[in-house]
Every structure is written in structure tokens, then in C-alpha cells.
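Engineer: Structure for this input, please:
(one chain, ligands or ions: 2)
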Amino acid sequence: VLINFSMALAEMERQQLDAPSASMLLVNLFQLLYVLDGLWNEEAILTTMDLMHDGFGFMLAFGDLVWVPFTYSLQAFYLVDHPSPLSPAAISAIVALKAVGFYIFRKSNSEKNAFRRNPADPRLAHLKSIPTATGKSLLVSGWWGVVRHPNYLGDLLMALAWSLPCGFQHLLPWYYMIYFLILLVHRDSRDMSECRRKYGRAWEEYCRTVRFRLVPHLY
Ligand SMILES: NC(=O)C1=CN([C@@H]2O[C@H](COP(=O)(O)OP(=O)(O)OC[C@H]3O[C@@H](n4cnc5c(N)ncnc54)[C@H](OP(=O)(O)O)[C@@H]3O)[C@@H](O)[C@H]2O)C=CC1
Ligand SMILES: CC(C)CCC[C@@H](C)[C@H]1CC=C2C3=C(CC[C@@]21C)[C@@]1(C)CC[C@H](O)C(C)(C)[C@@H]1CC3
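Structural biologist: Ligands and ions are numbered 1, 2, ... in the order given. Here you go, the predicted structure:
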């Protein structure tokens with residue numbers, strides 16, 4: 001957030017602007033929302049793959065201290081010297097994309113987190129689940145009945161909204177979208193293997209019921 005904010009100030013100085021450009025504002029506000037949401041819903045981090053399977057090690061230490069701050073701010077860095085004017089229609093479309101992505105991301109992460117914390121929660125009584133030999137159940141309706149990783153789908157739509165304000169003149173601001181797609185496809189495969197190992201036949205049944213991994217009817 002601080003790096004992004006300083007890029008907004010650098011843009012004003014370099015481009016001699018009285019205020020940051022619309023594209024710089026969108027990138028800053030979108031990423032600020034992501035960070036604030038992560039802090040607000042901090043307890044939901046406890047049911048993510050990093051904590052459930054991976055544990056704390058080099059990836060999270062290096063990822064959180066170096067990778068995230070210095071590569072996730074590349075869109076703002078790019079905009080400092082590469083103005084990318086946006087029409088009101090483009091701004092509205094990008095904001096709508098971000099809102100849809102955020103809604104899917106937040107709702108699906110919170111649904112799974114609430115279910116893992118208390119499967120008997122009356123607010124989740126409408127959801128179907130299948131039991132597994134471990135005593136835990138797997139959701140097969142609601143967001144987790146649409147695709148196997150609805151939270152990744154929402155996150156990818158948001159990633160697209162973070163790159164679009166920078167236009168199509170250079171590959172650098174698209175770095176995040178490309179890296180994130182590879183990261184999440186790889187993460188999805190890792191999670192599939194881990195869940196198959198943990199849940200065996202119940203996982204196979206889940207995969208037969210929910211056929212698509214990230215995008216309904218496509219992948
Ligand atoms: N911006 C970034 O750089 C990154 C963001 N993220 C985001 O973080 C969020 C969390 O992602 P991540 O930790 O990878 O994965 P998930 O939050 O999807 O966690 C996967 C775990 O959820 C449980 N699960 C899977 N399917 C079901 C089901 N049908 N019913 C109930 N539980 C189920 C399993 O664990 P168990 O059964 O043991 O509970 C599984 O191992 C995502 O939104 C992702 O996009 C992730 C990586 C990087
Ligand atoms: C160094 C490698 C090439 C990759 C490093 C991966 C890490 C940067 C990510 C692994 C899982 C992450 C999550 C978030 C940030 C990136 C890392 C650390 C997250 C905290 C971002 C905010 C979200 O709201 C979240 C759902 C809490 C995320 C959880 C996973």
C-alpha cells in the first residue's frame with residue numbers, strides 16, 4: 001500500500017498533475033481494498049491452504065516480505081512514466097469487473113471458512129455436503145458446488161481489473177495477471193492431490209459432482 005501510494009505521488013510529480021490519474025487511482029484503490037479485506041477477514045486465513053497444508057517456511061517468509069510488496073506494485077510503478085487515459089465507460093467497466101470478482105472471492109472464502117469453523121451453523125443449513133472418512137465434510141452446493149475453486153475465479157477477475165487500467169502497450173503491468181494465473185492453476189493441482197490423499201473416495205465423488213476446477217463449463 002505504501003509503495004503504491006508513493007507511486008501515485010511520483011506520478012503527480014513526473015507528469016505534473018494536481019491529482020493522480022484515474023488509472024493510478026483505480027490500481028491504488030483496488031489493491032487497498034484487497035489489503036483491508038484481508039485484514040478485516042483475518043480469521044479466514046486460518047482455513048487457507050498455506051495454514052492447513054503448507055505451513056510457514058521460505059515461500060511465505062520470502063513471498064510476504066519481498067515478492068508481494070515489490071512485484072504486486074508493478075502496475076502502479078508502470079503508470080508513473082506511462083500515462084494510460086481511461087474513458088468514463090472504461091472506468092465503469094473495470095470497476096464493475098472488480099466488484100464482481102470481489103463478490104465471488106469474498107463470498108466463497110467466507111462460506112468455506114464458516115463451514116469449516118462450524119458445519120452445524122444454521123446459516124449454512126441450506127448447503128449440501130458429503131461426509132468423508134476423516135470426520136470433516138465437503139461442500140457440494142453453494143459457491144463450492146459451482147466450481148472446485150470459486151475463490152480463485154473471483155481472485156483472477158480482480159487480477160484482470162488490476163491490470164486493465166494500464167492498457168495494452170506493455171507486458172509489465174500484465175505480469176501480475178500472468179503470474180497469478182500460473183500460481184493458481186499450480187496451486188489448484190497441488191490442492192487436488194492433497195485433498196485426494198486426505199479424503200480418498202469422498203474427494204472422487206466431489207470431483208464427479210463438481211466437474212470444473214476454476215471456470216464453469218471451460219476448465
Ligand atoms: N493474491 C495472492 O497472491 C494469493 C491469493 N490467494 C487467495 O487466497 C485464498 C485462499 O486460497 P488457498 O489457501 O490457496 O485455497 P483454499 O482457500 O481454496 O483452500 C483449500 C482448502 O479448502 C478446503 N476445501 C476444498 N474444497 C472444499 C469443499 N468443497 N468444501 C469444504 N472445504 C473445502 C480443503 O481443506 P480442508 O478440507 O483441509 O479444510 C482445501 O485444501 C483464495 O481466494 C486465493 O485466491 C492465494 C494465493 C496467493
Ligand atoms: C515466491 C513465490 C513465487 C510465490 C509466493 C506466494 C505468496 C506470495 C502467496 C501464497 C499465498 C498467499 C496469500 C496471500 C498473499 C500472497 C501469498 C502469501 C493473501 C494473504 C492475500 C490477501 C488475501 O485476502 C488472502 C486470501 C488472505 C491471501 C491468502 C494467501
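Engineer: going forward, measure contacts and count neighbours with C-alpha atoms only.
Structural biologist: Fine.
Engineer: what packs against the lowest-mean-pLDDT helix or strand in the chain?
Structural biologist: Least confident element among the helices and strands of the chain, by mean pLDDT, DSSP states H and E: helix 49 (a mean of 83). Applying 3 or more Cα pairs under 8 Å, 6 or more residues apart in numbering; DSSP states H and E, one finds that helix 49 contacts no other helix or strand.
Engineer: anything in that helix near ligand 2?
Structural biologist: No - applying Cα under 6 Å from any ligand atom, one finds helix 49 separated from ligand 2 by no less than 7.8 Å.
Engineer: Mind checking if that helix is in reach of ligand 1?
Structural biologist: Yes - counting by Cα under 6 Å from any ligand atom, ligand 1 has neighbours in helix 49: Met49.
Engineer: Can you name the residues in contact with that helix?
Structural biologist: Helix 49 is contacted from outside by Asp191, using Cα atoms under 8 Å, 6 or more residues apart in numbering.
Engineer: following that helix, which helix or strand shows up next?
Structural biologist: Using DSSP states H and E, the helix or strand that follows helix 49 towards the C-terminus is helix 58-62.
Engineer: can you give me how far the helix or strand following that following helix is from the chain middle?
Structural biologist: Downstream of helix 58-62, the first helix or strand assigned by DSSP H and E is helix 68-71. Between the centre of helix 68-71 and the centre of its host chain there is 15 Å, according to Cα atoms, centre = their mean, to the nearest Å.
Engineer: swap in stretch 115-131?
Structural biologist: Taking Cα atoms, centre = their mean, one finds stretch 115-131 lying 23 Å from the centre of the chain it belongs to.
Engineer: Residue numbers of this protein in contact with ligand 2?
Structural biologist: Residues of the chain lying close to ligand 2 (Cα under 6 Å from any ligand atom) are Tyr34, Asp37, Gly38, Ile45, Met59, Leu60, Gly63, Asp64, Trp67, Val68.
Engineer: So which bits of the host helix or strand of the first one are buried?
Structural biologist: Counting by DSSP H and E, the element that carries Tyr34 is helix 22-40. Residues Ala22, Ser23, Met24, Leu25, Leu26, Val27, Asn28, Leu29, Phe30, Gln31, Leu32 are the ones in helix 22-40 that count as buried (16 or more other Cα atoms under 10 Å).
Engineer: Let me have these in JSON lines, adding pLDDT as columns.
Structural biologist: JSON lines is the format used below for the buried residues of helix 22-40 (pLDDT from 0 to 100):
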{"residue": "Ala22", "pLDDT": "97"}
{"residue": "Ser23", "pLDDT": "98"}
{"residue": "Met24", "pLDDT": "98"}
{"residue": "Leu25", "pLDDT": "98"}
{"residue": "Leu26", "pLDDT": "98"}
{"residue": "Val27", "pLDDT": "97"}
{"residue": "Asn28", "pLDDT": "98"}
{"residue": "Leu29", "pLDDT": "97"}
{"residue": "Phe30", "pLDDT": "97"}
{"residue": "Gln31", "pLDDT": "96"}
{"residue": "Leu32", "pLDDT": "97"}
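Engineer: from these, which single one is nearest Gln75?
Structural biologist: Set against Gln75, the nearest of the buried residues of helix 22-40 by Cα to Cα is Val27 (7.2 Å).
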